[in-house]
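In: All I have is the shape, not the residue letters:
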């Protein structure tokens, strides 16, 4: 099997999550950029306020889509807890985006719509990386079964089995050597093992 196929099999689950997350993010971005431009360019609202309002609307959509589609296989730890954490982490993502927009608008003095949208795209890209990582870590937690996957149970100790002289099982507390497993029980007694009482 090729290296690419092996890598795909190893990271298939993560790739599927990223694809769904990216799809939700793309729609949320369209919502953000659409509402933001209407408020900023069309209605003359400030760039930071416009982006803030647009982000709240887009975040509400993103939570519903990620909860019931992207991360639906993960544990549900309560709508209130998830929603608060989701918005808190999106608040951090919003700050990241606002830093790019504010720097472009107020520090560089680029106040046109092209500069606004470029800074919005770059800021949103950086914030998206943070969001994906933080959602998986704090909001949409892995299920208990998934967290315990790969932990094989310990084999039962052989000493707990009753001594009855069957091949491979202990005789009077002593395991038969491998070369004597197929021999009659009498051979085992000649080798120093006693016959188990009937």
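Out: On my side now, so go ahead. What you see is a predicted model; the values in this text were computed from it and never measured. Numbers count the residues shown, from 1 in each chain.

In: The closest residue in space to residue 130 that isn't next to it in sequence sits in which helix or strand?
Out: Of all residues beyond its chain neighbours, the one nearest residue 130 is residue 93 (5.7 Å), with distances taken as Cβ to Cβ, 6 or more residues apart in numbering. The way it works is simple: take the backbone N, C-alpha and C, and place the C-beta from them, glycine included. Applying DSSP states H and E as the criterion places residue 93 in helix 79-102.

In: Buried residues in that helix, which are they?
Out: Under the neighbour-count criterion of 16 or more other Cβ atoms under 10 Å, helix 79-102 has 82-83, 85-86, 89-90, 93-94, 96-98, 100-102 buried.

In: ok, residue 56 to residue 87 distance?
Out: Distance of residue 56 to residue 87, given as Cβ to Cβ, to the nearest Å: 8 Å.

In: Please apply the same query to residue 69.
Out: According to Cβ to Cβ, residue 69 and residue 87 sit 19 Å apart.

In: Any idea how many residues pack against residue 42?
Out: Residue 42 has 9 neighbours, counted by other Cβ atoms under 10 Å.

In: Name the residues that touch the helix holding residue 93?
Out: Residues from elsewhere that reach helix 79-102, judged by Cβ atoms under 8 Å, 6 or more residues apart in numbering: 47-48, 51-52, 55, 59, 62-63, 67, 76, 116, 119-120, 122-124, 126-128, 130-131, 134-135, 138-140.

In: Fine by me, we can end here.
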